[in-house]
Structure formats: structure tokens, C-alpha cells
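# Show me how the following folds:
(one chain, ligands or ions: 2)
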Amino acid sequence: MTVLITGGAGFIGSHLCRAFLDRGDSVICVDNFITGSRENVKNLADNKNFKLIEHDISIPLYNINENIDWVLHFASLASPKDYITYPIKTLKSGLLGTHNCLGIAKAKKAKFFFASTSEVYGDPLIHPQTEEYWGNVNCIGIRSCYDESKRAGEALAYAYYRQHAIDIRVVRIFNTYGPNMQAEDGRVVSNFIVQALKGEDLTIYGKGNQTRSFCYISDLVNGLLKMMQTDYKMPVNLGNPKEFTIKELAELVLKFTKSKSKIKFMPLPEDDPKKRKPDIAKAEKLLKWQPKISLEEGLEKTIEYFSAKLG
Ligand code: NAD
Ligand code: UDP
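Numbering: from 1, shown residues only. Ligands and ions are numbered 1, 2, ... in the order given. Below is the predicted model of the structure:
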């Protein structure tokens, strides 16, 4: 089959491109490299089934000659540091980008797959978060450009499903990490590892008692591929349900890097969610999926990647 992946040069997108190519599928990767890197797709470029289109998906994309089976919309600013720097571009990827991707799916009679996020739950008032929870989002806060763009993206997907019978899948991805993240993208796992490897202070925002649940990239990719094999149209959480405080994460990174770095406490950004942990009962039942890689194991692999990258 042929898949069109937006954001294919990004962290998750590049692993997805690789997974499809390994299965013998053809991949059309659409990326404007705002946060993705050419390095991430360098080793895919020689594959005859791989095509790269440098394009901003907020602008309509015409003239695709190939038949397409799936449009997977992964393009978005995704790290708080990035989306707070580019709030308008973030909204445009979720609104106009999703609209353009649905338009391609409709024209090509393809299925549409939307990379949504745990951020649709905002600073959640129920714990863990189930797909039925409607969320607690500050619609004018500094994170709203991302949260609301993804909520609107989901709404657009369901509008196309209801009005045009477009076959859709929606996954709500929880904090995922691993090789191919950008060293400077500001997310907590890459930040701590890079700081520890460089001997710089690890920057904990707030007291470090906020929680996140970290999923290793190979587990996520397995879940995404399984989601494509189901017929289920409603949103599904994908993430690792094992919850850690940010302070625990910092301590693990120091242990595995054997770094002498210290911890530095800094102000907590506005609207930073206090707790986050996916309820994955739906994914377990529907997809027979569970993450397999522990945080300890995933950190070791990610540290190895960044060590090589930083030299
Ligand atoms: P990333 O920043 O590494 O990748 C995003 C990619 O999209 C980059 O290659 C970037 O250049 C590209 N892009 C952004 N705007 C674009 C546009 N307008 N046109 C074309 N390309 C554009 O981030 P990621 O972590 O790989 O995230 C991928 C997707 O998964 C995003 O939609 C994100 O919201 C979602 N997601 C990720 C996580 C996570 O923990 N990594 C969690 C929840 C949701
Ligand atoms: N964080 C931190 N230090 C950093 C980067 C992030 O303490 O250098 C915290 C951040 O405040 C949040 C958590 O780690 O509570 C996860 O942040 P990230 O940017 O990875 O993504 P989020 O889950 O907030 O979308």
C-alpha cells in the first residue's frame, strides 16, 4: 500500500516511515522541516519506495499522482517549547493541516489517521485519563494553541467521518521518547539526557512532583500499526501507564548516564499538567497491545543514541 505521512521527518514520523518501508509499503513523506530533520530521513532516501515532499501542510497540497491508501497526519509543533514559540503555526497545522489532509483522503478515497494527544485532556481532573473524559483545557492559555488545535483536529476528523463517511482512526498519544528526538526540542526526556551528558544542571520545572508516563517509541509504533488494522473509529489512548514524577525521571537519567550533573529547580510553566497517565484498557482490549519497554530500558537506548549524536 501507499501511505502519505505528514511530519514524516520528525521523531515519531521518521520511525513510522521506516516501519512502513520495512514492510514493503510505499511512503510519501510531507514535511516542512520546522522541527524535523533531514538527518532523520537520510537513511530512507535511498529506498525506491520513499518520496519526500518539502511542503507546509497548512497550505493545500495538490498534484499527488499516486494512489494513496492512508493519509497519516503527524505534522505539528509537538514540544511545549516549540509550540509556545510558534503558536499560530501550531494552530494552522491542527486546523488547516488537518483540513487539507482530510481533503486529500476524500479525493483519494483513502483512510485518515490523526495523531492526537493526551493534551486534549488538558490539566486533567480525573486520573488516569480514559477516552471518555472530555478534558480540562484553558482555551486561552499558553498551551491552548496545541491543545485546541488537536481538539479541533479531532472535531474535523469526526465531521468528515459523519458528513463524508471518511474512514478515520484517532489516537491520543501520551509522552513518547526515543532516538530521533531533537537534542534541543525542550521535552523533558531529551532535555535531561542532553544536560546530563554535557555535565550541565538538569532543569526541573517546579518541584518535580508533577507526573508523566513515558512510552518508548517502538512500543508506540507497534500500537499505531495495530490501530490501522482495526475498524475502530473512536479515539484510543496509546502510552505507557507506568507513572513517574519528573524528579524520579531526573534521578534515573543521572543514574544511567553516570553523570555528576546537579539538579536545578526552575519556575513551573503556566498550565503545566500536574498528573498524566493513560488508561489503556481500550487499547489492550481492541488492539491486544501493551507497551513492553520499561523506562529504564528505553532510557538506556535513548542515552546511547544521544551519546553517539553528541560525540
Ligand atoms: P516532532 O516535532 O519531532 O515532529 C513533527 C514533524 O512535523 C516535524 O518533522 C516538523 O518539521 C513537521 N511539521 C510541523 N508542522 C508542519 C507543517 N505545517 N507542515 C509540514 N510539516 C510540519 O514531534 P513528534 O514528537 O514526532 O510528534 C509527531 C506527532 O505526534 C505530532 O502531531 C504530535 O502532536 C503527536 N504527539 C507526539 C507526542 C510525543 O510524546 N512525542 C505525544 C502526543 C502527540
Ligand atoms: N520539564 C522539566 N524540565 C525540563 C523540561 C520539562 O521539569 O527541562 C517538565 C515540564 O514542566 C512538564 C514535564 O517535564 O511538567 C514534561 O514536559 P514535556 O515538555 O516533555 O512535555 P509535556 O508532557 O508537558 O507536554
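
# Ligand 1 contacts on the stretch 151-300 of the chain?
If contacts are counted using Cβ under 6 Å from any ligand atom, the residues of the stretch 151-300 of the chain sitting beside ligand 1 are I173, N175, T176. (Each C-beta comes from the backbone N, C-alpha and C, glycine too.)

# again, 8 Å this time
By Cβ under 8 Å from any ligand atom, the residues of the stretch 151-300 of the chain that approach ligand 1 are 172-177, 180-182, 185, 187, 215, 220.

# need the residues you listed in a markdown table with neighbour count, can you?
As requested, those are exported to a markdown table (neighbours: other Cβ atoms under 10 Å):
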| residue | neighbour count |
| --- | --- |
| R172 | 23 |
| I173 | 23 |
| F174 | 26 |
| N175 | 20 |
| T176 | 25 |
| Y177 | 24 |
| N180 | 21 |
| M181 | 27 |
| Q182 | 19 |
| D185 | 19 |
| R187 | 19 |
| C215 | 26 |
| L220 | 26 |
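
# Looking at those, point me to the pair that's furthest apart.
Comparing every pair within those by Cβ to Cβ identifies R172 and Q182 as the most remote, at 22.5 Å.

# Relative to L197, which of the residues of the stretch 151-300 of the chain next to ligand 1 is nearest.
Using Cβ to Cβ, M181 is the member of these that sits closest to L197, with 13.5 Å.

# so what's the closest one scoring on pLDDT?
M181 is assigned 98 on the pLDDT scale.

# Do I have it right that it meets F11?
Yes. M181 is in contact with F11 according to Cβ atoms under 8 Å; the separation is 4.7 Å.

# to the chain's geometric centre, what's the distance from the strand or helix carrying N191?
Element membership for N191, per DSSP states H and E: helix 188-198. The chain centroid and the centroid of helix 188-198 are separated by 19 Å under Cα atoms, centre = their mean, to the nearest Å.

# okay, it in CSV with CA atoms only?
What follows is the C-alpha trace of helix 188-198 in CSV, where atoms were taken according to Å, rounded to 0.1, in the frame of the first residue of the first chain:
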residue,chain,number,x,y,z
VAL,A,188,11.8,16.5,29.4
VAL,A,189,13.5,13.3,28.4
SER,A,190,15.7,14.7,25.7
ASN,A,191,16.5,17.8,27.9
PHE,A,192,17.6,15.8,30.9
ILE,A,193,19.7,13.3,28.8
VAL,A,194,21.4,16.0,26.9
GLN,A,195,22.0,18.1,30.1
ALA,A,196,23.4,15.0,31.9
LEU,A,197,25.7,14.1,29.0
LYS,A,198,27.0,17.6,28.8
